[in-house]
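**Q** have a look; sequence and predicted model below, questions after that.
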Amino acid sequence: MKKIKALALALCLGIIMVGCNNTQKGATIGTAGGAVLGAIIGKIAGNAGVGAAIGGAVGAGTGAIIGNRMDKVKKQAEAVQNAQVQQVTDANGLQAVKVTFDSGILFPTSSSTLQASAQSSLIQFANVLKQNTDADVAIQGYTDNDPWKGSTAEQSVQKNLNLSQQRAQSVSTFLIGQGVSGTQIKSVQGFGEQNPVADNSTAAGKAQNRRVEIYLYASQAMINAANNGTLK
């Protein structure tokens, strides 16, 4: 197991240093592929739970084709106002796209009601999803660790967890209202204070931790099409 972990880490570092695009990375990961390695890479990337449930290894050709498709998805997402877009790796070792919206852009403080100013961004993003219906979607909400007034530490943790779930659900509901298929959205989860991306001891860090992350990753249908050589 240690050897596998070392291989996974070396692969990730190699990808970063070389600066490959998604097509090249997909081929590299596909060659090394398989559920075990993919799950390890996904965990390192911070999103091990994101990915279609598939069995067996994913070939280099399939990985490259999906990588090429995700390059296109990423470019489309980058045109969305207020969206921070990153390339990530899903639990199968396949390339995926992570889109982050700051909660300050989407919601008023301590609220899960979308601000009117945020809706134009989400309308643009809904159009990206509707152009890529064979990409599955996971929506995840997060908060900082600020306590709630009049609440114990334990109560504050639970309230932050609830708020993150409500915010993720608000985004999901809005996207569906814009014509995104509910079956495309595979999971809507709140993680509260978990998985901070910045230092919660600073105001700037807390602002980064208050966020909604949306993942676009290869569905089983996309994987099948890539295997068959019909994915465009």
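**A** Looks like it arrived, so ask away.
**Q** ranges for the helices of the protein?
**A** Remark: helices assigned in the chain by DSSP state H are 2-18, 22-32, 35-45, 60-78, 103-106, 116-131, 153-177, 203-209, 220-228.
**Q** ok, now how distant is S170 from T62?
**A** Distance of S170 to T62, given as C-beta to C-beta, to the nearest Å: 35 Å. In short, each C-beta sits where N, CA and C put it, glycine included.
**Q** okay, those two: which has more neighbours?
**A** Counted by other C-beta atoms under 10 Å, S170 and T62 do not tie: T62 has more neighbours, with 25 against 22.
**Q** these two touch, right, the more buried one and N228?
**A** No. Between T62 and N228 there is no contact under C-beta atoms under 8 Å: 9.5 Å.
**Q** poorly predicted segments of this protein, please.
**A** 1-49, 52, 55-58 (pLDDT under 70).
**Q** for it, list the residue farthest from the centre, please.
**A** Within the chain, the residue lying farthest from the chain centre (C-alpha atoms, centre = their mean) is G150, at 33.8 Å.
**Q** how about the backbone phi and psi for it?
**A** Main-chain dihedrals, G150, degrees, to the nearest 10: phi 80, psi 10.
**Q** which residues touch Q194?
**A** Counting by C-beta atoms under 8 Å, 6 or more residues apart in numbering, Q194 makes contact with Y142.
**Q** phi and psi next, for it.
**A** According to degrees, to the nearest 10, Q194 has phi -70, psi 160.
**Q** okay, now the residue nearest to D134 when sequence neighbours are not counted: neighbour count?
**A** In space, and not counting its chain neighbours, D134 is closest to M222: 4.4 Å by C-beta to C-beta, 6 or more residues apart in numbering. Residue neighbour count, defined by other C-beta under 10 Å, stands at 23 for M222.
**Q** for M222, give me its contacts.
**A** I66, R69, D134, A135, L231.
**Q** isn't the second one right up against L231?
**A** The reference is to R69. Yes. Judged on C-beta under 8 Å, R69 makes contact with L231 at a distance of 6.0 Å.
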